[in-house]
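*Asks:* this one's structure only:
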């Protein structure tokens, strides 16, 4: 029987979703208003599958949106962490904000089944700050992503390019990644059922 670890080992989102921003308008991760470091330039972004769990009769997963700067000693830094329900509406929000040229407010509804379980967190201003809202504000060349925390604090988090070339490839990549995430979730549920049946 396949173990859950083997089920996710071949789903390497990091390798298949890398998007270079080097030929796009300059984008930055802003840390926070109290940060001592300057904004960090974003050279590439990618999605990554961080964990898959089966708990209390429910499969869930956690993925991240990561960035790398141009500094060779810097590794990947996570911008956002999110569950399996996030990627599709986030992609739609980016496209709508870019197309209409008006800010888009994306409300993050808390889980009704597990109130303590956060659906989206940001890792820029702290070690996993839960968010209740993302605001995507279109500028001339970039989309500015702002987050509102559960404490009602709002921080500018990072930027993504607003160009047609970037949005096209992001939509395609996000759709492929979403399929991998949902397939992984289904596989986790199948393995859990088989394990329970074998007992």
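*Replies:* Right, received. Where do you want to start? Quick caveat, the model's predicted, so the values are computed rather than measured.

*Asks:* Surely residue 28 is in contact with residue 43?
*Replies:* No. Assessed by CB atoms under 8 Å, residue 28 is found out of contact with residue 43, at 10.8 Å. All C-beta atoms are positioned from the backbone trio N, CA, C, and that covers glycine.

*Asks:* What is the lengthiest helix in the chain packed up against?
*Replies:* As assigned by DSSP state H, the longest helix anywhere in the chain is helix 164-198. Identification of packing neighbours for helix 164-198 by 3 or more CB pairs under 8 Å, 6 or more residues apart in numbering; DSSP states H and E yields helix 4-9, helix 13-16, strand 19-20, strand 44-55, strand 58-68, helix 87-100, strand 154-161.

*Asks:* strand partners of the fourth one, parallel vs antiparallel please.
*Replies:* Strand 44-55 sits in its sheet next to strand 19-20 (antiparallel), strand 58-68 (antiparallel), going by DSSP bridges.

*Asks:* now the longest one: mean pLDDT?
*Replies:* For strand 58-68, the per-residue pLDDT values average out at 90.

*Asks:* And for stretch 119-139?
*Replies:* Here the average pLDDT along stretch 119-139 is 93.

*Asks:* distance between the ends of that stretch?
*Replies:* 27 Å (CA to CA, to the nearest Å).

*Asks:* distance between it and the chain's centre?
*Replies:* 10 Å (CA atoms, centre = their mean, to the nearest Å).

*Asks:* For this structure, name the helix or strand with the lowest mean pLDDT.
*Replies:* helix 4-9 (a mean of 45; mean pLDDT, DSSP states H and E).

*Asks:* Check which helix or strand the closest residue to residue 123 other than its chain neighbours maps to.
*Replies:* Leaving aside its sequence neighbours, residue 123 sits nearest to residue 78 (CB to CB, 6 or more residues apart in numbering; 4.4 Å). Residue 78 is part of strand 77-82 when elements are defined by DSSP states H and E.

*Asks:* tell me the contacts of residue 39?
*Replies:* The neighbours of residue 39, taking CB atoms under 8 Å, 6 or more residues apart in numbering as the test, are 28, 29, 30, 31.

*Asks:* Look up the pLDDT of it for me, please.
*Replies:* 88.

*Asks:* Next: residue 53.
*Replies:* pLDDT at residue 53 comes out at 80.

*Asks:* for residue 12, same thing?
*Replies:* 76.

*Asks:* List the residues that contact it.
*Replies:* residue 49.

*Asks:* State the distance from it to residue 102.
*Replies:* Distance check for residue 12 against residue 102: by CB to CB, to the nearest Å, it reads 37 Å.

*Asks:* same deal with residue 193?
*Replies:* With CB to CB as the criterion, residue 193 and residue 102 are 45 Å apart.

*Asks:* And for residue 30?
*Replies:* 22 Å.

*Asks:* ok, the two, which is more surrounded?
*Replies:* Set residue 30 next to residue 102 and count neighbours by other CB atoms under 10 Å: residue 30 wins out with 19 against 10.
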